[in-house]
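Asks: Need coordinates for the below:
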Amino acid sequence: MNGGNLVECPANMCNLRFGLRLVTARVHLCRIASARAALCAILLCLSAAAVAAGPLQEDLKARRARAAERFGPDAIAIFWSAPPRVFSADINYEYRQDSNLLYLTGIDQEDTILVLMPGNDTRKEMLFMRDADSRREHWNGHSPTPAEASAASGIQTVMSVSQFEPFIVGIFSKRAAPESPTEHARFFQALTDGRARLTLLMDPVPDLTSPPGHATQFASRLRDRFSGFNVQDATPILAELRQIKTPYEQDVLRKSVEISSEAHRAGMRAARRGKYEYEVEAVIEAVYLHSGAMSWGYPSIVGSGPNATILHYHESSRRMEPGDLLLVDAAANYQGLTGDITRTYPVDGRYSREQRAIYEIVYAAQQAGEQAAKAGGQPRGIQAACDDVLRAGLVRLGLVTDATGRQFKIWSTHGVTHWIGLDVHDVGIPRPLDAGMAFTIEPGIYIREAALHDLPKTPENAAFIEKVRPMVAKYKNIGVRIEDSYLLTPAGLERLSKSVPRTIDEIEQFMKGKS
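Replies: Residues are numbered from 1 along each chain as shown. The predicted structure is shown next:
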């Protein structure tokens, strides 16, 4: 009630999307009879949004606070949303937000900029977002209002993206805002003393011929016009922060992997001779949508027979034949977080003797990796533990002749662990394993005859090929990868994807019992 006019503020700020479908809340300001009442209504709604924080918003605030502490009080940190990407002609790919901006704000909309100024008196975080546009919304749907963006992110100061450049010019010109003359005093003094920092996610530089990225160009334009600051790369700081999952993130990741696990079990039920790979893929991805995960975390890999030996096979077009192994590497994106699971199983329900021999080596390697995944250890220790088992097993089968070197990498070609989180290959820094880290363990063996043809033509390789050729013919076109998602906790290693059958007996029993 204000000025004699009844103003109806939002009763709920629900249905906030996180990940690929964030912020779709509806806020209705009904029957506002005057401009003054409208302004009051907006202020009331912004206030309501600020206090109506939930677990996600509290977690986002804590993430920004940790980042701001690392950037320091003399910094201004700026983060841009990802640009839209063109699929073909006038059709875009489905929008995917920049992972770091998503980590700090939870906002999944283009034309969004986050500014952090840790040294400010009160407004230490500001969000700049595009203005409402009824014509654009007719074509592309609702854009968050300031109140909705504030409710979703927990950031109280939300401005139009058109105000961003004047704001930056004012800051670097050391022009104080009339309504708050001391707000930016700390940063202004840092500029005067030549110790201010412009903190950006700097673009990687692949070579000197590549054009500079957006952040590099922005920093260059500011250097041309202003002085008193250095550029600080925020990339390693955010990589380190994202490497340790918060309790909130851990719960969401568990749910994400649970959905992916259910999808894998559905795929196993659907797989059988005579069906096509894409039929299994369709069943898996339908579970994502049914369970509230609006997308995959990465394109599904569903490869049968010889296709199981292709690491990033995406055709899903082959018809499964009797005796095939089917390798499925797939996971959902749920509220922005993604696990990673791979299973390899026989479409007929039982492994052949040769398939079983390869599978047992890979499974033993994964178990060895699990034993090495302890707090205080190193990721390379997981790799070494898996490698020792893979090497010995391949020597035993006659597919490798060198029991000590890296010859076994002919058949076991990839690393066995990576971080997971906002990206399936998530960021991190070199450091010992610690509680809160989430990662995979994924040994694999792939027997491809073509691998022999690719070896350098030397007498040593000729002798090796001659010796292993009969075993290669015996195990030809068998590809096995076993991959699980893990979370390291104070109590030890937690296998998040444990509900997906993994041992030979578990898989054969599951395949036997499927309808």
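Asks: In the longest helix along the chain, which residues are buried?
Replies: In the chain, assigned by DSSP state H, the helix with the most residues is helix 247-270. Residues 248-250, 252-268, 270 are the ones in helix 247-270 that count as buried (16 or more other CB atoms under 10 Å). (Glycine included, C-beta is placed from N, CA and C.)
Asks: Just list the residues touching Y103, thanks.
Replies: R63, L238, L241, R242, L422 (CB atoms under 8 Å, 6 or more residues apart in numbering).
Asks: Test my guess that the second one contacts L201.
Replies: Yes: checked against CB atoms under 8 Å, the pair L238 and L201 is within contact range at 7.3 Å.
Asks: what is in contact with those two at once?
Replies: N100.
Asks: How far does stretch 180-196 stretch from one end to the other?
Replies: 20 Å (CA to CA, to the nearest Å).
Asks: Could you give me the buried positions within that stretch?
Replies: E183, H184, R186, F187, F188, A190, L191, A196.
Asks: TSV for the residues you listed, including pLDDT?
Replies: As requested, the buried residues of stretch 180-196 are arranged in TSV below (pLDDT from 0 to 100):
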residue	pLDDT
E183	95
H184	96
R186	97
F187	98
F188	98
A190	98
L191	98
A196	98
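Asks: shaky segments in the stretch 1-150 of the chain?
Replies: Within the stretch 1-150 of the chain, the stretches with pLDDT under 70 are 1-53.
Asks: Which parts of it are strands?
Replies: 75-80, 86-88, 91-92, 112-116, 125-129 (DSSP state E, counting those that start in this stretch).
Asks: Can I get those in a markdown table including distance to D484?
Replies: A markdown table is the format used below for those (distance: least, CB to CB, whole Å):
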| stretch | distance to D484 |
| --- | --- |
| strand 75-80 | 33 |
| strand 86-88 | 33 |
| strand 91-92 | 34 |
| strand 112-116 | 34 |
| strand 125-129 | 37 |
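Asks: how about those in CSV, adding distance to R350 and mean neighbour count?
Replies: Shown next, in CSV, are the strands of the stretch 1-150 of the chain (distance: least, CB to CB, whole Å; neighbours: other CB atoms under 10 Å):
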stretch, distance to R350, mean neighbour count
strand 75-80, 52, 23
strand 86-88, 42, 9
strand 91-92, 45, 10
strand 112-116, 53, 22
strand 125-129, 56, 24
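Asks: picking up where we left off before, mind checking which of the buried residues of stretch 180-196 are in helices?
Replies: Going by DSSP H, the helices hold R186, F187, F188, A190, L191 from the buried residues of stretch 180-196.
Asks: any idea how far L253 is from the third one?
Replies: Pointing back at F188 there. Distance of F188 to L253, given as CB to CB, to the nearest Å: 41 Å.
Asks: close enough to count as contact, V328 and D340?
Replies: No: applying CB under 8 Å, one finds V328 not in contact with D340, separated by 11.8 Å.
Asks: and for these two, which residues touch both?
Replies: What both V328 and D340 touch, as defined by CB under 8 Å, 6+ apart, is an empty set.
Asks: How about residues contacting stretch 167-182?
Replies: Identification of contacts with stretch 167-182 by CB under 8 Å, 6+ apart yields 76, 78, 115, 121-123, 126, 128, 159, 183-185, 187-188, 191-192, 222, 225-226, 229.
Asks: following the helix or strand hosting L198, which helix or strand comes up?
Replies: Taking DSSP states H and E as the criterion, L198 maps to strand 196-200. Scanning forward in sequence from strand 196-200 by DSSP H and E, the next helix or strand is helix 214-225.
Asks: Which neighbours in the sheet does the helix or strand following that next one have, and how are they oriented?
Replies: Sequence-wise, the next helix or strand downstream of helix 214-225 (DSSP H and E) is strand 229-233. Applying DSSP bridges, strand 229-233 is found paired with strand 196-200 (parallel).
Asks: between the partner strand and strand 75-80, what angle do the directions make?
Replies: Per axes from the mean of the first three to the mean of the last three CA atoms, to 10 degrees, the angle that strand 196-200 makes with strand 75-80 is 20 degrees.
Asks: Make residue 1 into 50 and carry on from there
Replies: In the new numbering, first residue 50, that becomes strand 245-249.
Asks: what about strand 245-249, distance to the chain center?
Replies: Taking CA atoms, centre = their mean, to the nearest Å, one finds strand 245-249 lying 26 Å from the centre of the chain it belongs to.
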